[in-house]
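below are the sequence and a predicted model; questions follow.
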Amino acid sequence: MKPYLVLVMCSLVFPVFGATLTTSNYVISVETHCEEGMVVCDDVSYIGTSKKSGNSIRLKGETWHTVCADGVTPCRFIGYRFKNGDITYQVMDSGVLQVIQGQDKVLLEEQGEWRY
């Protein structure tokens, strides 16, 4: 019998986990593109749509956590962060959407409701 080399092609596809945050003025779709069970994910997408104008913005970002006592290990999940130049979009687990310019100038803060 001759030995045969069998080549098996595998495709590693991570599931997409998504949720929608709806505030009084915006609808934000957040999707994580990391393997289930990963505590930290740096492949998160954001699509924010204005209810008034219908304009949308698409951003890439990451999960956001507090840091444990060791100063390195991620602890409690806070939400997601997305950067667009010097503007940071923060979508919190509590349902708050914040848009911050620079380090601390809050341009927008709205409470919303999550739908999973």
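Structure's in. What do you need?

list the contacts for the residue nearest the centre of the chain?
By C-alpha atoms, centre = their mean, the chain has its centre lying nearest to Val44, at 3.9 Å. Val44 sits next to Val30, Glu31, Thr32, His33, Cys34, Lys60, Gly61, Glu62, Thr63, Tyr80, Phe82 when contact means C-beta atoms under 8 Å, 6 or more residues apart in numbering. (C-beta placed from N, C-alpha, C; glycine too.)

between all of those residues, which two are separated the most?
Cys34 and Phe82 (15.2 Å; C-beta to C-beta).

point out where this protein drops to low pLDDT.
1-16 (pLDDT under 70).

just to revisit the earlier point, tabulate the contacts of Val44 in a markdown table, adding columns for secondary structure.
As requested, those are arranged in a markdown table below (DSSP: H, G, I helix; E, B strand; the rest coil):
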| residue | secondary structure |
| --- | --- |
| Val30 | strand |
| Glu31 | strand |
| Thr32 | strand |
| His33 | coil |
| Cys34 | coil |
| Lys60 | strand |
| Gly61 | strand |
| Glu62 | strand |
| Thr63 | strand |
| Tyr80 | strand |
| Phe82 | strand |
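
filter those to the buried ones?
By neighbour count, with 16 or more other C-beta atoms under 10 Å, the contacts of Val44 hold Val30, Thr32, His33, Cys34, Gly61, Glu62, Thr63, Tyr80, Phe82 as buried.

the third one and Lys60, how far apart?
By that I understand His33. 9 Å (C-beta to C-beta, to the nearest Å).

residues shared between the contacts of these two?
Jointly contacting His33 and Lys60 under the rule C-beta under 8 Å, 6+ apart are Asp43, Val44, Ser45.
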